[in-house]
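Trainee: For reference, the sequence and a predicted model appear below.
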There are 2 protein chains.
Amino acid sequence: MNQRKVPDVVIRRLPLYLRTLEILDPDEAPIISSEQLAKLVGTSSGQVRKDLSYFGVFGKQGVGYQIISMRMELRRILKLDQEIRVGLIGAGNLGAALVRYHQKNRVHQPLEIVALFDVDDKKIGRKIADVEVFDIGKLSSIIRNLDIKMMILTFPAANVQQVVDICIASGVKSFLNFVPVSLKVPAEVKLRTSDVTLELQSLAYYT
Amino acid sequence: MNQRKVPDVVIRRLPLYLRTLEILDPDEAPIISSEQLAKLVGTSSGQVRKDLSYFGVFGKQGVGYQIISMRMELRRILKLDQEIRVGLIGAGNLGAALVRYHQKNRVHQPLEIVALFDVDDKKIGRKIADVEVFDIGKLSSIIRNLDIKMMILTFPAANVQQVVDICIASGVKSFLNFVPVSLKVPAEVKLRTSDVTLELQSLAYYT
DNA sequence: TTATGTGAAGAGTTTCACAGCA
DNA sequence: TGCTGTGAAACTCTTCACATAA
């Protein structure tokens, strides 16, 4: 076991390990080796073992890893053994698509999108994939009432930083941002940005 | 100038520099320092200069960088000084949202989405944001005819690898993948995966 | 005997600091 | 003098290889 801070790259690989273990049927083969797991996720056995070593003992030497207990361990580490309430700001095309996508793919996932926010009166009060759209003016109070800890940002506005600041002040701990802007958050808050335009532009280099 | 292979991390930052330079008005101030640019994109001046140093001389020592000529240089490096034809497979919610998003955000961008592909008869022949939906059976011939070099993957199917292989054989050089699967591509092809479910799960760790 | 867990080596990336040019 | 361009140092992440435990 390695008690120093776990690198973000490692944290980002854990859900991939978990997903792979969830696809496997432990009744068929209850145990898997780092080599087999690595092959399935497309990495090396050394990396799998190194990643897991940050969190203590998982497997049996000379044997391998028990699929069922490893799943539970990974869920515990990732805090996916408890419900996490998620909000989404910007109920436009992309926002709606993401909600539907998430609802479809959330097989035993404790990440629950509980509120959407928008400025558009025509959208407020409606539901998208069973999730209500709230007035963004009520952002702060609803974050607190519903105990929202994670926020997805999919709105095309200029005042994103301001909205992010309100979220943080209201208790949001992490953001998945699809808005093409550079945002500042304090160290204890995690921000991940997915910028499709930048991705496409950088891919052009390899064309 | 540094003639060794440019790291992918560097390539991924270039579009961010470019975007920032495109927002600035060169009539106001035609020159920018690495320090100012760094502040705008949220990095350090050293990193800006180091990144640019992979591609030769850009600026004037003691002065800074000319905004207009730096834009042109960056566009040339990223191959954004020529039209690049892009396809998208999977004209569902997410696919349609991405097309609309791209059309809206593509201010002087030479990345043009020229074809959508789907298996659904009801969608084939229709247009989404002015782009025609084609039968996925015609994938190979249309990639060749329209000279598509980049492909966006947003379909929920099991045979993604097979489809990717067809694309590569037909001339596609890079992929932006939103399908939650591990894909294999040869070294000369660039694959970037954006997996919203994995992103959210890894963010849970920081909650 | 087999496959884990982990230090140590290696590779990759960022930061630093300063020489050099306008 | 001011800011770039860039080696070198510092840091981070990955790979390697082997002691260790079942």
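Mentor: Noted; the coordinates are in hand. Residues are numbered from 1 along each chain as shown, chains lettered A, B, ... in the order given.

Trainee: Okay, and the beta partners of A:Lys66?
Mentor: No Lys there; residue A:66 is Gln. A:Gln66 has the following beta-bridge partners by DSSP bridges: A:Ile31.

Trainee: That one and DNA strand D, how far apart?
Mentor: 12 Å (CB to the nearest atom of the strand, to the nearest Å). C-beta: built from backbone N, CA, C; applies to glycine.

Trainee: wait, doesn't that residue sit right on A:Ser33?
Mentor: No. Using CB atoms under 8 Å, A:Gln66 makes no contact with A:Ser33, being 11.4 Å away.

Trainee: show me where chain A has strands.
Mentor: A:31-32, A:65-66, A:84-89, A:111-118, A:127-128, A:131-135, A:150-153, A:174-177, A:190-193 (DSSP state E).

Trainee: Kindly reformat these as TSV containing mean pLDDT.
Mentor: Converted to TSV, the strands of chain A look like this (pLDDT from 0 to 100):
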stretch	mean pLDDT
strand A:31-32	97
strand A:65-66	97
strand A:84-89	98
strand A:111-118	97
strand A:127-128	97
strand A:131-135	98
strand A:150-153	98
strand A:174-177	98
strand A:190-193	96
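
Trainee: Nearest to B:Gly137, out of those strands?
Mentor: strand A:127-128 (32.6 Å; CB to CB).

Trainee: mind checking how far that closest one is from the chain centre?
Mentor: The chain centroid and the centroid of strand A:127-128 are separated by 21 Å under CA atoms, centre = their mean, to the nearest Å.

Trainee: what's in contact with that strand?
Mentor: With contact meaning CB atoms under 8 Å, 6 or more residues apart in numbering or on different chains, strand A:127-128 is reached by A:Ala91, A:Gly95, A:Ala96, A:Val99, A:Arg100, A:Leu116, A:Val133.

Trainee: Could you pull up the contacting residues of the second one?
Mentor: Contacts were defined as CB under 8 Å, 6+ apart; by that measure A:Gly95 touches A:Leu88, A:Ile89, A:Leu116, A:Ile128, A:Ile152, A:Thr154, A:Phe155.

Trainee: ok, what's across the strand from the second one?
Mentor: For A:Ile89, the beta-bridge partners under DSSP bridges are A:Phe117, A:Leu153.

Trainee: so it touches A:Met150, yeah?
Mentor: No. Contact criterion CB under 8 Å: A:Ile89 and A:Met150 do not qualify, at 11.7 Å.

Trainee: how many neighbours does the residue in chain A that DNA strand C sits nearest to have?
Mentor: Closest to DNA strand C within chain A is A:Gly62: 2.3 Å, counting by CB to the nearest atom of the strand. A:Gly62: 5 surrounding residues under other CB atoms under 10 Å in any protein chain shown.

Trainee: Next: the one 4 residues further on.
Mentor: A:Gln66 has 17 neighbours, counted by other CB under 10 Å.

Trainee: Equivalent analysis for A:Val9, please.
Mentor: Neighbours around A:Val9, by other CB under 10 Å: 10.

Trainee: any idea how far DNA strand D is from it?
Mentor: In terms of CB to the nearest atom of the strand, A:Val9 sits 5 Å off from DNA strand D.

Trainee: One more: A:Gln161?
Mentor: Using CB to the nearest atom of the strand, we find A:Gln161 at a distance of 25 Å from DNA strand D.

Trainee: which residue packs closest to that residue, ignoring adjacent ones?
Mentor: Spatial nearest neighbour of A:Gln161, chain neighbours left out: A:Leu183 (5.9 Å); criterion: CB to CB, 6 or more residues apart in numbering or on different chains.
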